[in-house]
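# Sharing a model that was predicted from the sequence below.
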Amino acid sequence: KNKEIRDKNVTPSLSEQCVRWANVSKFKSKSRKDAVCSSKSIRKKLTKVLETWDSHKWFQFSSDSLVPSWLSNVSPSNDNTDSINILKDKNVLEMLKVYSERYPKFSAEFTEPFLNMPSQTILHG
């Protein structure tokens, strides 16, 4: 990828590397494709995230916080704190399930063409 840029000994800009890292490296491109190629692979990663982070304080609201109406039916956590675990909410879990089902198609239709575009910076464009 980006053979003409490498032939000129010009590396893609840092902003290009950050936004489209899978376009810069063959290894990163392959790891990205493996991660989003199917609903099963995405569900596997989401399961790991949920197991690791579901009780972490970063994913909790205090029960007196203003929350969206679709989160209002969440019961406080069982760890004797007065907080709401958003990663245990049935609506959030349903949204993550739908995401895992829909993202592979979205990735194939929109993300892959974006990642395969030539560099889009002033220097390279």
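Structure's in. What do you need? Quick caveat, the model's predicted, so the values are computed rather than measured. Numbering: from 1, shown residues only.
# buried set for the longest helix belonging to the chain?
When the chain is scanned for its longest helix (criterion: DSSP state H), the result is helix 90-106. Applying a neighbour-count criterion of 16 or more other CB atoms under 10 Å, the buried positions in helix 90-106 are Val92, Leu96, Ser100, Pro104. Using the backbone N, CA and C atoms, a C-beta is placed for each residue, glycine as well.
# Ok, stretch 13-27 next?
Glu16, Arg20, Ala22, Asn23, Val24.
# Provide a complete list of residue ranges assigned to helices in the chain.
3-7, 14-19, 21-24, 26-36, 39-53, 90-106, 112-116.
# Could you point out which of those helices sits nearest Leu66?
Among the helices of the chain, helix 90-106 comes nearest to Leu66, with 16.7 Å by CB to CB.
# Identify the farthest-apart pair in the buried residues of stretch 13-27.
Pairwise across those, and taking CB to CB, the largest span is found between Glu16 and Ala22, at 11.5 Å.
# quick one: low-confidence ranges for the chain?
By pLDDT under 70, the low-scoring segments of the chain are 1-12, 72-81, 119-125.
# Just give me the neighbour total for the closest residue to Ala35 other than its chain neighbours.
Nearest in space to Ala35, with sequence neighbours left out and distances taken as CB to CB, 6 or more residues apart in numbering, is Ser41 at 6.0 Å. Residues contacting Ser41 under the criterion other CB atoms under 10 Å number 15.
# Nice, that's everything, thank you.
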